[in-house]
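> Build me a model:
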Amino acid sequence: MSETSDTTAAPTPSLSEWEALSALRTRLENEVFQTNKSALFNALESTNVAKVVVTFDGYGDSGQIENVEARAGDDDVAMPNATIEFEVTVWGQPEPERSTVTIATAAENLAYDVLERTHSGWENNDGAYGDIVFDVAERTITLDYNARYTASENYTHSF
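Presented below is the predicted three-dimensional model:
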C-alpha cells in the first residue's frame, strides 16, 4: 500500500495571514451589516409597515426563524413584495457578494446576523427564543432574547 498526498490543496495560512483575513472579515461584516440595515429600512419607509417582527427559536443544536411578520400599529399587514440589494461577506474575499432578495428575506438574514453578533451559539444545548423587532420610524433593531438553561443543585449531608 502506498501513500499519496494531495498537492492541489491550498496551503494553510500562517497565523499572521489568518489574523489579517479575520480583521478584513470583521471590518467587512460591520460595513455590510450597516449597508443591509439601511437598505431594508429605506425600502420599508415607502410602505405602510411600521415594524417587522422576526420570531426565532432554537435548541439541541438546531435553530430557525419561526416567523416574519409586518405590522402597522397593532395590525398585521402583508409583507411588501419589493426586493432590495443585499450583501454577504465571504471569507477571504475583499468585496461582499451581492444579490437581490425580498424584504422578508432581508429581515430574516439580518435577524440571523443580530443573533450571531450577540449570542453566537443561541441554538445549542437548551437554546434560546425570542423576537427581533425592526422599528421603521426609529430605524432600530431590538433583540428580545430569552436564554434557556438547565439547572442542577446538589446537596450532601453527613451526620
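> Now do the strands in this structure.
51-59, 62-72, 75-77, 83-88, 97-102, 128-135, 140-147 (DSSP state E).
> For these, give me CSV that also has mean pLDDT, mean neighbour count and distance to residue 16.
Any C-beta I mention is one placed from the backbone N, CA and C, and that applies to glycine too. As requested, the strands of the chain are arranged in CSV below (pLDDT from 0 to 100; neighbours: other CB atoms under 10 Å; distance: least, CB to CB, whole Å):
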stretch, mean pLDDT, mean neighbour count, distance to residue 16
strand 51-59, 97, 20, 35
strand 62-72, 96, 16, 34
strand 75-77, 96, 12, 52
strand 83-88, 96, 17, 26
strand 97-102, 97, 13, 26
strand 128-135, 98, 20, 36
strand 140-147, 98, 14, 35
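> Can you lay out these as CSV showing distance to residue 113?
Below are the strands of the chain laid out as CSV (distance: least, CB to CB, whole Å):
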stretch, distance to residue 113
strand 51-59, 11
strand 62-72, 12
strand 75-77, 24
strand 83-88, 10
strand 97-102, 13
strand 128-135, 10
strand 140-147, 9
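> Those strands: which one's closest to residue 23?
strand 83-88 (18.4 Å; CB to CB).
> Identify all contacting residues around the closest one.
By CB atoms under 8 Å, 6 or more residues apart in numbering, the list of residues contacting strand 83-88 from outside reads 32, 35-36, 39-40, 42-43, 96-103, 105-106, 109.
> got the angle for it vs strand 97-102?
Using axes from the mean of the first three to the mean of the last three CA atoms, to 10 degrees, one finds that strand 83-88 and strand 97-102 are set 140 degrees apart in direction.
> Just checking: what are the partner strands of strand 83-88?
Sheet pairing of strand 83-88 (DSSP bridges) gives strand 97-102 (antiparallel).
> Does anything pack onto the longest helix along the chain? Which helices or strands?
Assignment by DSSP state H gives helix 15-45 as the longest helix of the chain. Counting contacts by 3 or more CB pairs under 8 Å, 6 or more residues apart in numbering; DSSP states H and E, helix 15-45 is packed against strand 83-88, helix 103-118, strand 128-135.
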